[in-house]
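**Q** missing the sequence, but the structure's below:
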């Protein structure tokens, strides 16, 4: 059986923008068999998420722990965050939905179960779903996201279903910190509280992590950054999970708005700023892969990361559908092969001024953040006004690196704000704080002027160009024009 | 002797598989406990299993209508803070 990696990540000769200090570097040190397993997984590969889609099936409503950032009552159609779903599915319904999505979105490579409770607190529903998907769509990757409490007891069954991607949410290794995050866990037929609860959870998570990596299962660790609670401790978490073989660490910002009804929301625990999150991710990085492109998506999200087409696949729409599994599978294979071929093409250098030629003036070239409006394909292809999120890159004399995403409508802030209001532009601009430029396919004169007034350079000259190259070209042009030395990169704004 | 699930229930399924008496079933608008089957886990477990995993305060009550998980007991959110938010 041929096991050649379709994408030769990090093997381009020379220094194309995307293999230079950027995401490809994170992949290039991995063994080939790992690269092969992640090249088309949008959650595991920064490059893949521009091209390949995923879906979550919400079959797991029950949970066996309480987290202070979660409210089990919550459901909002307009909101993207873990644990939020519009409809809980039975396993048969979930399998049908997967087939419907796999027919409509052939670039979908991965189906995950992430809740809305904990998948392993609903083992029968979770594993019945995986069995059904494996039967009708054996080419689709399966993964599961868990709090880890029941992980050790389900390891063998996970292995049996050939689920080779598992995400464990690990917020702490310290039971005192744990007691601040988890009010209780359900363990051995009892509700256990306080430090005893945290101790059990932490032990199970660490055992589960060790058992998974021993079996060669790829493990991603999610951590929620909670300022003043676990932020100073997460570097240690990162170090330990890496030493135990975790493949990727994803430090995510706490989401806590009062209207979500969570403990942290109501008690006014603040969320980290984009800059604080980035600083912690950088501090955790070391030789560990850090995930920067997580969208903290809904437990029933469908489509490319950063988009949600879930509303197109409600139960009433899919119930009447009939599928030709073979035909759909063949179409997926063809579409995905052509995406892989496209991704593997040698990059065309479009930068008019090479960064290398500017490197001698590096002292006068501070790193700056640039935001990009893109709806997929790894190109600058979205209208500024249509963007609901921006990809943020750091450009410097050393190259271009992806540092994260900024949502402009991430948090539904109540019915008063659900409509497009005139403050949308102001909120978008405030989401871009710290960025010196924004690249988009097109932009109107009003936002153009507002961005300039805020000290952010709008740019639509690089429409339809590959992102990293467009960012490099704009950075080089700004350096040539002497625009980079005027103000510090972080938090720059013109009052 | 029987427990009861009331309107606060969010249909999360957590209790149903844990009931040693198979007294709990999914229903509309919320899960129900068959009073004839419910033993309050007497003889099986020290604590009523449904109430021990239920994440929603006041969703499960005893025969006298008293919540097994009163306000603030699961989330640590002071009830007055919740009330202030409406």
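**A** Perfect, thanks for sending it. The structure presented is a predicted model; accordingly, all values stated were derived computationally and were not measured.
**Q** rest of the way, CA atoms for contacts and neighbours
**A** OK.
**Q** Start and end of stretch B:26-42, how far apart?
**A** 22 Å (CA to CA, to the nearest Å).
**Q** Please identify the buried residues of it?
**A** For stretch B:26-42, burial by neighbour count (16 or more other CA atoms under 10 Å in any protein chain shown) applies to B:30-34, B:38-41.
**Q** do the same with stretch A:383-396
**A** A:383-384, A:387-396.
**Q** Run the chain-centre distance for it.
**A** From the chain centre to the centre of stretch A:383-396 is a distance of 15 Å (CA atoms, centre = their mean, to the nearest Å).
**Q** Stretch B:46-62 too?
**A** Relative to the chain's own centre, stretch B:46-62 is displaced by 3 Å; criterion: CA atoms, centre = their mean.
**Q** what distance separates the start and the end of that stretch?
**A** 16 Å.
**Q** And that stretch, what's buried?
**A** Buried residues in stretch B:46-62 (16+ other CA under 10 Å): B:48-61.
**Q** what residues does it touch?
**A** Contact partners of stretch B:46-62, identified using CA atoms under 8 Å, 6 or more residues apart in numbering or on different chains, comprise A:64, A:66, A:72-73, A:186, A:189-191, B:2-10, B:14-16, B:18-19, B:40-42, B:67-74.
**Q** What about those residues, which are in strands?
**A** Among the contacts of stretch B:46-62, DSSP state E puts A:66, A:186, A:190-191, B:4-5 in strands.
**Q** Just put the buried residues of stretch B:26-42 in JSON lines and tack on distance to residue A:332.
**A** Below are the buried residues of stretch B:26-42 laid out as JSON lines (distance: CA to CA, whole Å):
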{"residue": "B:30", "distance to residue A:332": "40"}
{"residue": "B:31", "distance to residue A:332": "40"}
{"residue": "B:32", "distance to residue A:332": "44"}
{"residue": "B:33", "distance to residue A:332": "46"}
{"residue": "B:34", "distance to residue A:332": "48"}
{"residue": "B:38", "distance to residue A:332": "50"}
{"residue": "B:39", "distance to residue A:332": "53"}
{"residue": "B:40", "distance to residue A:332": "52"}
{"residue": "B:41", "distance to residue A:332": "51"}
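**Q** quick revisit: can you lay out the buried residues of stretch A:383-396 as JSON lines showing secondary structure and pLDDT?
**A** Converted to JSON lines, these look like this (DSSP: H, G, I helix; E, B strand; the rest coil; pLDDT from 0 to 100):
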{"residue": "A:383", "secondary structure": "strand", "pLDDT": "91"}
{"residue": "A:384", "secondary structure": "helix", "pLDDT": "90"}
{"residue": "A:387", "secondary structure": "coil", "pLDDT": "86"}
{"residue": "A:388", "secondary structure": "coil", "pLDDT": "83"}
{"residue": "A:389", "secondary structure": "strand", "pLDDT": "86"}
{"residue": "A:390", "secondary structure": "strand", "pLDDT": "91"}
{"residue": "A:391", "secondary structure": "strand", "pLDDT": "91"}
{"residue": "A:392", "secondary structure": "strand", "pLDDT": "92"}
{"residue": "A:393", "secondary structure": "strand", "pLDDT": "93"}
{"residue": "A:394", "secondary structure": "strand", "pLDDT": "91"}
{"residue": "A:395", "secondary structure": "strand", "pLDDT": "91"}
{"residue": "A:396", "secondary structure": "strand", "pLDDT": "88"}
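**Q** would you turn those residues into a markdown table with distance to residue A:406?
**A** Output for those, formatted as a markdown table (distance: CA to CA, whole Å):
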| residue | distance to residue A:406 |
| --- | --- |
| A:383 | 16 |
| A:384 | 13 |
| A:387 | 10 |
| A:388 | 9 |
| A:389 | 5 |
| A:390 | 5 |
| A:391 | 7 |
| A:392 | 7 |
| A:393 | 11 |
| A:394 | 13 |
| A:395 | 17 |
| A:396 | 20 |
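**Q** What mean pLDDT does the host helix or strand of residue A:472 get?
**A** Per DSSP states H and E: residue A:472 is located in helix A:467-480. In this model, helix A:467-480 has a mean pLDDT of 91.
**Q** tell me which residues in it are buried?
**A** In helix A:467-480, counting by 16+ other CA under 10 Å, buried: A:467-479.
**Q** show me what contacts the residue nearest to residue A:304 when sequence neighbours are not counted?
**A** Distance criterion CA to CA, 6 or more residues apart in numbering or on different chains; nearest residue to residue A:304, sequence neighbours excluded, is residue A:53 at 4.2 Å. Going by CA under 8 Å, 6+ apart, residue A:53 touches A:42, A:105, A:107-110, A:302-305.
**Q** pLDDT wise, what is residue A:53 at?
**A** Model confidence at residue A:53 (pLDDT) stands at 85.
**Q** Considering the buried residues of helix A:467-480, which is situated nearest to chain B?
**A** residue A:467 (42.6 Å; CA to the nearest CA).
**Q** Could you find the closest non-adjacent residue to the closest one?
**A** residue A:379 (4.9 Å).
**Q** Number of residues surrounding that neighbour?
**A** Per other CA atoms under 10 Å in any protein chain shown, the neighbour tally for residue A:379 reads 22.
**Q** Look up how far residue A:391 lies from it.
**A** Using CA to CA, residue A:379 is found at 11 Å from residue A:391.
**Q** Report the buried members of the contacts of stretch B:46-62.
**A** A:64, A:66, A:72-73, A:186, A:190-191, B:2-6, B:9-10, B:14-16, B:18-19, B:40-41, B:67-69, B:71, B:73-74.
**Q** Filter those down to the ones in helices?
**A** Here DSSP state H is the test, and the buried ones among the contacts of stretch B:46-62 give no hits in helices at all.
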